[in-house]
Each structure stands twice: as structure tokens, then as C-alpha cells.
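> sequence and predicted structure are below.
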Amino acid sequence: MTSNNLILIADGSRARLLSQDQRGHLMDLHSWRGQSDGQAGAQEAGSLFVGRVAEDLKQRIPDLDRLILVAAPKTLVDLRAELDDQILAKVEMQIDRDWTHLSLDELPDHLDKAISARR
């Protein structure tokens, strides 16, 4: 049986769900984009966006072994509030950084450094 290790990378308006195989290779599984109608609606739109991401993650619980959350600090707080206990139990690490701008090729190095720093 292969393990299903997922990595969620998010900010208040974008998110990517990645899968990591046994060799550490990353693959995009899903992406989300939020919409905001100006600055006044940004906070509400961000909350709705994070709620939608959390709800989508719930659908993946049966296949989920481990989850790493990487999110901008405010988004990470919002995600923790939205994720249910079943998902939170699978969270192996939380990284409070905005890596949404990084390419798939850049992410492994950043992840390795973050993991090493936590040991």
C-alpha cells in the first residue's frame, strides 16, 4: 500500500494541493482560486475561500495518511479554525509561510529546509 502524503500550500486567495510520493517527488492534484470585490470584501472572501478549501479536504480524509499545511500566517490560523478534528489529526507539520508563488521545482528544497529546521 502506498502512502498518501498531501501538502496544502495556501494564502487567502489561492491554494494548491500537492501529492508527495515515496521518493519525494511532488505532483499537483488540485488548485483553488478565490475572488474578492475590492479591499472591503477581501476578509470575507478569504474566509469563504478557506472554508471551501477545508470542505474539499474533508472529501480526501479516507485516502489521507499525512498532511503538511503551508500557508501565510493569517491563512494558517483560518485553516486551523476551519479544519475538522479528523483532518487536524493527520497534520504532520504546519509552516507559516506564503509559498504560493513558488514553482513545483522550487518547493522540495523549501520543504526540506523547513523540515530540517524543525528537527
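Perfect, thanks for sending it. Residues are numbered from 1 along each chain as shown.

> what's the worst-scoring helix or strand of the chain on mean pLDDT packed up against?
Counting by mean pLDDT, DSSP states H and E, the chain has its least confident helix or strand at helix 42-58, which shows a mean of 79. Secondary-structure packing of helix 42-58 (3 or more CB pairs under 8 Å, 6 or more residues apart in numbering; DSSP states H and E): strand 5-10, strand 14-20, strand 26-33, helix 73-82, helix 85-88. In this view, the C-beta of every residue, glycine as well, is placed from N, C-alpha and C.

> ok, residues contacting it?
8, 10, 12-13, 15, 17, 30, 32, 34-37, 67, 74-75, 78-79, 82-84, 86-87 (CB atoms under 8 Å, 6 or more residues apart in numbering).

> neighbours of the nearest residue to residue 34 once chain neighbours are set aside, how many?
In space, and not counting its chain neighbours, residue 34 is closest to residue 49: 3.3 Å by CB to CB, 6 or more residues apart in numbering. By other CB atoms under 10 Å, 23 other residues sit near residue 49.

> what about residue 49, distance to residue 5?
24 Å (CB to CB, to the nearest Å).

> returning to what we had before: need the winner for burial among the helices and strands packed on helix 42-58.
Ranked by mean neighbour count, those are led by strand 5-10 with a mean of 23 (mean count of other CB atoms under 10 Å).

> run me through the strand neighbours of that one, direction for each.
strand 14-20 (antiparallel), strand 66-71 (parallel) (DSSP bridges).

> alpha carbons only: can I get it in CSV?
Only the C-alpha atoms of strand 5-10 are listed here, as CSV (Å, rounded to 0.1, in the frame of the first residue of the first chain):
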residue,chain,number,x,y,z
ASN,A,5,1.1,12.3,1.8
LEU,A,6,-0.5,15.6,0.8
ILE,A,7,0.8,19.2,1.1
LEU,A,8,-1.6,22.1,1.1
ILE,A,9,0.0,25.5,0.1
ALA,A,10,-2.3,28.5,0.5
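
> what about that strand, distance to the chain center?
4 Å (CA atoms, centre = their mean, to the nearest Å).

> now it and helix 42-58, what's the angle there?
Counting by axes from the mean of the first three to the mean of the last three CA atoms, to 10 degrees, strand 5-10 points 170 degrees away from the direction of helix 42-58.
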